[in-house]
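*Asks:* no sequence for this one, just the structure:
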């Protein structure tokens, strides 16, 4: 969600569901705003929001601002290693006038200038027919830290990215995979999902347990 939409949502939720927000105002099921109901041994909240005309106008305005941009920059969100190849991709609905792009550090200082290189558009649909490679591999190892890329004439700045060692995302993924492993899970030292094998559309009744 864009920052514009986030700000709009925070400012309009109290008007939609009371001064305490969605979770602060619970009414009976015949209410047109928010209500809760119980199911089995737990509870879930069903929030039926009826936004005002001002809220709808704010959403449309934010979408108008988003669609007004014609050029976008995509970087590696995991960052870049200092001594390896570092490239980003810019894509646009119209040709980009910039011949050079800027790399700025966290203080906004220009630390590198590179040439914008037009490349063949991939077969990702007709919305963005113009693609460009932004190669800043020549930045030295001393350029580590948080940076952004900027195309001045196109009026676009990339999201922040880091040059340095990769974050330990792989460890988070492996931890999740070990934790979610079914059958006997040595990580949790327990057995889960022991009766998930069920038959459907076969010679035996639907939902018959099958020991696979």
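*Replies:* Good, I have the coordinates. Note that the structure is a prediction, hence the values are computed from the model and not measured.

*Asks:* who touches residue 151 in this structure?
*Replies:* Listed by CB atoms under 8 Å, 6 or more residues apart in numbering, the contact set of residue 151 reads 71, 73, 90, 96, 98, 101-102, 116, 157. Every C-beta, even on glycine, is put in place using the N, C-alpha and C of the backbone.

*Asks:* can you rerun that using 7 Å?
*Replies:* Neighbouring residues of residue 151 by CB atoms under 7 Å, 6 or more residues apart in numbering: 71, 73, 90, 96, 98, 101.

*Asks:* okay, and the beta partners of it?
*Replies:* Beta bridges link residue 151 to residue 156 when assigned by DSSP bridges.

*Asks:* distance check, it against residue 103.
*Replies:* 11 Å (CB to CB, to the nearest Å).

*Asks:* one step back: from the contacts of residue 151, which single one is nearest residue 210?
*Replies:* residue 73 (51.3 Å; CB to CB).

*Asks:* the closest one contacts residue 87, correct?
*Replies:* No: the criterion here is CB atoms under 7 Å, and residue 73 misses it with residue 87 at 11.2 Å.

*Asks:* the more surrounded of these two?
*Replies:* Between residue 73 and residue 87, counted using other CB atoms under 10 Å, the more crowded position is residue 73 (21 against 14).

*Asks:* so which of the contacts of residue 151 comes closest to residue 131?
*Replies:* Of all those, residue 131 sits closest to residue 90, with 7.2 Å by CB to CB.

*Asks:* pLDDT at residue 174, what is it?
*Replies:* According to the prediction, residue 174 has pLDDT 85.

*Asks:* give me the neighbour count for it.
*Replies:* Quick note: residue 174 (other CB under 10 Å) scores 11 neighbours.

*Asks:* ok, the residue lying closest to residue 182 once chain neighbours are set aside to residue 94 distance?
*Replies:* Residue nearest to residue 182 in three dimensions, not counting chain neighbours: residue 193, with 4.6 Å by CB to CB, 6 or more residues apart in numbering. Taking CB to CB as the measure, residue 193 falls 52 Å from residue 94.
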